[in-house]
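1. sharing a model prediction with you, sequence too.
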Amino acid sequence: MSLFKASAISVFSLTVGFFLYPLLLLMYLGWGSLASAFATRSFLQSLGITVAISTLASAVAVASGIPTAYVLARYEFKLKPLVDAVLDIPIVVPHTVVGLMVVLAFASYGLGPALGELGVQIIDALPGAVIAVSYLSATYAIRTIESAVRLLDPELENAARSLGASPFRAFAEVVLPSIRGAVLDGALLSWARSVSEAGALLVVAYYVILGNSSIYPASIYIYQAYIGLGINEAIKYSAALVLFVLAAFLAFRVAASRVGAKRR
Amino acid sequence: MLELRDVRAKIGEFQLGPVDLLDDVDYLVIMGPNGAGKTSLLKVVAGLLKAEGVVVLDGVDISKLPPERRNVVYVPQSYALFDHMTVFSNIEFGLRMRGVPRNERRKTVVEVARRLGVEDLLSRRPSQLSAGQRQRVALARALAIRPRLLLLDEPMASLDPDIREAASSLLRGLPSEYGTSVIHVTHDREEAYSLGDKVAVMYEGKIIEAGRPEEIFRRPRSAVTAKMVGLQVLRMEDGCFGVRPEDVVVGSGPLKARVLGVVRSLRGNKALLEIFGQQLWAYVDGEVGRYVDVELRELVPLEC
């Protein structure tokens, strides 16, 4: 084996190990208490609210991300570099700051009073949690879809237009089906990013009030367990959350590939 | 009949036009080097690129119509087949966009596919086709809607040499078989000569010469056209002249030339000669010395 190949494989192994080691250790330590975690009603509620927040945020990310990604990939305009930078804000700015921004923009100032009059609650409420998490996760969907649109031959749309398709039909019948894999990937990425969010939720929705219940999002539930009950409880729920997310990921991938295979 | 009047467009730094062109033939070939603006001109005619000026098709000003209402079909160099659809759905696409009923669509697709020899491919995906099959499917998709004008951008560029002749014959027959005029863009002079009823030469965004292929190829007016059709351009005191390699006779004649090198070609050895401080190619038989006598037969006067 050449020195180059050996070096590359060594670094590769170290990197994979760096990612796997803490995860495997967590699963090893938490494995015995997984059944107990999944039998805890408050944890299941917390998983449920997390899935609801993440799924809604993912839907928002994809619905707004497809047209945004298309504009970024297909059109040139003067302020494009600025818009590009703005869309990366969620990656650059600390998430607690994003949480504060959401509180200011949608609860305290700006749109806040109007939303309040309409009865839309932001702080410690589902809409606030979804807005905060959408703000943070949409970038992942936009960038994934944008790359796919960039790789798509613009002549496909030209051909469709000259064959009689309006711009909307060319988009719906030619562009969208051609980038469906990237749209699914973007949805999954933004969903996963939303599940793992804690910083913004600490500020906007430490718990979500639903009816008479106050439910912690899963990330905050685990944080609460860690500071209130100790590391062993945190390990239990963390291992359960990781297992749940990996299972959801796997199920989504399998479903997506089956849909793809059927269409082929 | 297509008429372009003072058509101009700005594409980034590139300026297309002004272009004035009367296409009064069944098969027009626009020939030019890469970057001449040929594809851009096709897109202007198709309505895919915004431009100033007037585009008149069969007496109707279509300049302001969107692409989907022009009845002009553009077939890109890549053929732009929709990979997520079967060949059948690709051919059916234009008919579906026009709201043609399902039964009629099926009949038309099968008929066009049969005429273009792709009826056995209808259930396949474009990714499963050869380049020649892809070209036929792209043509079938375009012809299914019976366009008034068909715009072909380098349609032979991705074809292997062994199927080019068959493809040429197919393309040449389109106007008579389908009642559609064709504008075909290429940088290949043989393609232009063999297919066009008329050839327009494009350079730096403008049509610099247009006429019957025999005129353009035998008597080009400009030095740019002369180079495009295979003439070598000599700049002399009394003007510019074009000369073909076969009209540079080596072995006798009043001129002396220095031999810079000899290469093999399919038609025999070719020598690179230096005459009047300029370089010319000539066919030679056998070995040649360092200096040779040369005669230039049939010089074509050019504007340069």
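-> Here it is on my side, so go on. Numbers count the residues shown, from 1 in each chain, chains lettered A, B, ... in the order given.
2. next, count neighbours for residue 108.
-> Assuming you mean chain A. 13 (other Cβ atoms under 10 Å in any protein chain shown). No exception for glycine: its C-beta is placed from N, CA and C like everyone else's.
3. meant chain B actually
-> Each residue near B:Thr108 was counted by other Cβ under 10 Å, and the total is 19.
4. kindly report the same for A:Met1.
-> The number of residues packed near A:Met1 is 7, by other Cβ under 10 Å.
5. hey, where'd the helices end up in chain B?
-> Using DSSP state H, the helices of chain B run over B:38-46, B:87-97, B:102-115, B:131-143, B:161-172, B:174-178, B:189-195, B:213-218, B:223-228.
6. got the residues of chain B near chain A?
-> Contact residues (Cβ under 8 Å from any Cβ of the partner chain) of chain B with chain A: B:43, B:46-48, B:66-68, B:70, B:72-78, B:80, B:82-84, B:93-94, B:97-98, B:125, B:141-142, B:145, B:151.
7. in this structure B:Gly261 contacts B:Asn269, no?
-> No - contact criterion Cβ atoms under 8 Å: B:Gly261 and B:Asn269 do not qualify, at 10.5 Å.
8. out of the two, which sits in the more crowded spot?
-> Remark: of B:Gly261 and B:Asn269, B:Asn269 carries more neighbours, 15 against 9, as counted by other Cβ under 10 Å.
9. can you tell me which of the residues of chain B next to chain A end up in strands?
-> B:Val72, B:Val73, B:Tyr74, B:Val75, B:Leu151 (DSSP state E).
10. any idea how far the second one lies from B:Glu237?
-> In other words, B:Val73. To B:Glu237, B:Val73 is 51 Å away according to Cβ to Cβ, to the nearest Å.
11. what of the third one?
-> When Cβ to Cβ is the yardstick, B:Tyr74 and B:Glu237 sit 47 Å from each other.
12. neighbour count winner among the two?
-> Shown here are B:Tyr74 and B:Glu237; by other Cβ under 10 Å, B:Tyr74 has more neighbours (28 against 5).
13. is the nearest residue to B:Val284 once chain neighbours are set aside in a bridge, and if so with what?
-> Leaving out its chain neighbours, the residue that sits closest to B:Val284 by Cβ to Cβ, 6 or more residues apart in numbering or on different chains is B:Ala271, at 4.6 Å. With DSSP bridges as the criterion, B:Ala271 is bridged to B:Val262, B:Ala282.
14. measure B:Ala271 to chain A for me?
-> Per Cβ to the nearest Cβ, to the nearest Å, B:Ala271 is found 43 Å from chain A.
15. was I right to think that residue contacts B:Leu280?
-> No - B:Ala271 lies out of contact with B:Leu280 (Cβ under 8 Å); the separation is 9.1 Å.
16. give me the residues contacting stretch A:92-100.
-> Residues from elsewhere that reach stretch A:92-100 (Cβ atoms under 8 Å, 6 or more residues apart in numbering or on different chains): A:90, A:101, A:132, A:135-136, A:197-204.
17. take those residues and lay them out in CSV including neighbour count.
-> Below are the contacts of stretch A:92-100 laid out as CSV (neighbours: other Cβ atoms under 10 Å in any protein chain shown):
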residue, neighbour count
A:Pro90, 19
A:Met101, 18
A:Ala132, 30
A:Tyr135, 25
A:Leu136, 27
A:Glu197, 27
A:Ala198, 15
A:Gly199, 16
A:Ala200, 27
A:Leu201, 29
A:Leu202, 17
A:Val203, 19
A:Val204, 29
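18. which of these are close to chain B?
-> Among the contacts of stretch A:92-100, none lies close to chain B by the criterion of Cβ under 8 Å from any Cβ.
19. quick check: residues of chain A near chain B?
-> Counting by Cβ under 8 Å from any Cβ, chain A sits next to chain B at A:153, A:155-156, A:158-166, A:169, A:173-174, A:177-178, A:263-264.
20. just to revisit the earlier point, quickly note the distance from the residue nearest to B:Val284 to B:Gln77.
-> B:Ala271 is 36 Å from B:Gln77, by Cβ to Cβ.
21. counting neighbours, go ahead and name the busier of those two.
-> B:Ala271 (21 against 15).
22. which residues does the more buried one contact?
-> So B:Ala271 contacts B:Val250, B:Val259, B:Leu260, B:Gly261, B:Val262, B:Trp281, B:Ala282, B:Tyr283, B:Val284, B:Val288, B:Val292 (Cβ under 8 Å, 6+ apart).
23. make it 6 Å
-> B:Val259, B:Val262, B:Ala282, B:Val284, B:Val288 (Cβ atoms under 6 Å, 6 or more residues apart in numbering or on different chains).
24. sort out which of those are buried, if you could.
-> B:Val259, B:Ala282, B:Val284, B:Val288 (16 or more other Cβ atoms under 10 Å in any protein chain shown).
25. not counting its neighbours along the chain, what's nearest B:Val300?
-> Leaving aside its sequence neighbours, B:Val300 sits nearest to B:Gly242 (Cβ to Cβ, 6+ apart; 4.0 Å).
26. right, I mislabeled it, should have said B:Val100
-> B:Val100 sits nearest to B:Thr108 (Cβ to Cβ, 6+ apart), 7.3 Å away.
27. just to revisit the earlier point, let me know the pLDDT of the residue nearest to B:Val284.
-> On pLDDT, B:Ala271 comes in at 88.
28. buried among the residues of chain A next to chain B? Make that a ChimeraX selection.
-> To isolate the buried members of the residues of chain A next to chain B in ChimeraX, using 16+ other Cβ under 10 Å:
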select /A:155,156,158,159,160,161,162,163,164,165,166,173,174,178
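29. out of the helices of chain B, which one sits most buried?
-> Neighbour counts averaged per stretch over the helices of chain B are highest for helix B:38-46, at a mean of 25; criterion: mean count of other Cβ atoms under 10 Å in any protein chain shown.
30. skipping its backbone neighbours, what lies nearest B:Lys198 in space?
-> B:Val25 (4.5 Å).
31. the closest residue to B:Pro76 other than its chain neighbours is in what secondary structure piece?
-> The shortest distance from B:Pro76 to any non-neighbouring residue, by Cβ to Cβ, 6+ apart, is to A:Glu155 (3.8 Å). Using DSSP states H and E, A:Glu155 sits in helix A:154-162.
32. how distant is that helix from the center of its chain?
-> 32 Å (Cα atoms, centre = their mean, to the nearest Å).
33. ok, B:Ala192 to chain A distance?
-> 22 Å.
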